[in-house]
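Asks: Build me a model:
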Amino acid sequence: MIPELKGKVLKTHKTRAYAAYMKDLEATLGTPSAAETARVALFFGVTIARDFDVLEKMGMVLNETLMGGHEITWTRPFEPDEEVEVTVTLADVQDRGKNRIAVIESRFQTPGGEEIQRQYSTFVHLGGAGRGKTAEAAA
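Replies: From the prediction side, this is the model:
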């Protein structure tokens with residue numbers, strides 16, 4: 001992960017807010033508010049395609065990286081089975097001592113551009129300051 005990637009799109013992905021996934025999450029949670037929660041907390045943007053390539057693209061080693069925080073803001077809940085486009089961007093990166101801190105923004109919207117949700121995920125790469133791929137290799 002390098003400072004030159006700051007503000008750059010790391011990944012785009014098209015998916016669907018599958019009603020079956022919402023029902024599974026609702027059943028797993030099993031609380032009175034589970035149905036509402038399943039419609040707003042359906043995805044984790046960093047692993048949107050069920051992989052860790054966003055972290056790898058930044059040169060972060062998974063077993064050396066901690067989750068520092070996660071924030072979700074939404075305009076509205078996901079509708080069952082609606083199409084969703086996701087853009088994952090490196091919002092900020094800072095070296096702090098020997099560690100590197102990265103904030104990843106995941107923006108969820110409809111194909112027509114209506115924003116549904118934004119997520120901000122903060123990662124701390126222990127000992128990661130000054131390490132990472134070159135800008136050409138990360139692209």
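Asks: helix, strand or coil for Tyr21?
Replies: helix (DSSP: H, G, I helix; E, B strand; the rest coil).
Asks: I'd like the distance between it and Gly127.
Replies: For Tyr21, the distance to Gly127 equals 36 Å [Cβ to Cβ, to the nearest Å]. Placement of C-beta: from N, CA and C, glycine included.
Asks: With neighbour numbers in mind, choose between those two.
Replies: Using other Cβ atoms under 10 Å, the more surrounded residue of Tyr21 and Gly127 is Tyr21, with 17 against 12.
Asks: Look up the closest residue to the more buried one, ignoring the ones flanking it.
Replies: Using Cβ to Cβ, 6 or more residues apart in numbering and skipping the chain neighbours, the partner closest in space to Tyr21 is Leu42 (6.3 Å).
Asks: now the residue lying farthest from the centre of the chain: how far from Val124?
Replies: Using Cα atoms, centre = their mean, the residue of the chain lying farthest from its centre is Pro32. It sits 26.9 Å away. Going from Pro32 to Val124 by Cβ to Cβ gives 35 Å.
Asks: Just the buried residues of stretch 44-54, please?
Replies: By neighbour count with 16 or more other Cβ atoms under 10 Å, stretch 44-54 contains the buried residues Gly45, Val46, Ile48, Val54.
Asks: Then stretch 105-113?
Replies: Buried residues in stretch 105-113, counted by 16+ other Cβ under 10 Å: Glu105, Ser106, Arg107, Phe108, Gln109.
Asks: circling back to that earlier point, just the ones of the buried residues of stretch 44-54 in strands?
Replies: Counting by DSSP state E, no part of the buried residues of stretch 44-54 is found in strands.
Asks: need these in CSV with distance to Val88 and pLDDT, can you?
Replies: Below are the buried residues of stretch 44-54 laid out as CSV (distance: Cβ to Cβ, whole Å; pLDDT from 0 to 100):
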residue, distance to Val88, pLDDT
Gly45, 6, 85
Val46, 7, 84
Ile48, 7, 80
Val54, 6, 84
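Asks: For Asp95, give its distance to Ile116.
Replies: Counting by Cβ to Cβ - Asp95 and Ile116 are separated by 33 Å.
Asks: neighbour count winner among those two?
Replies: The neighbour comparison of Asp95 against Ile116 (other Cβ under 10 Å) goes to Ile116, with 22 against 14.
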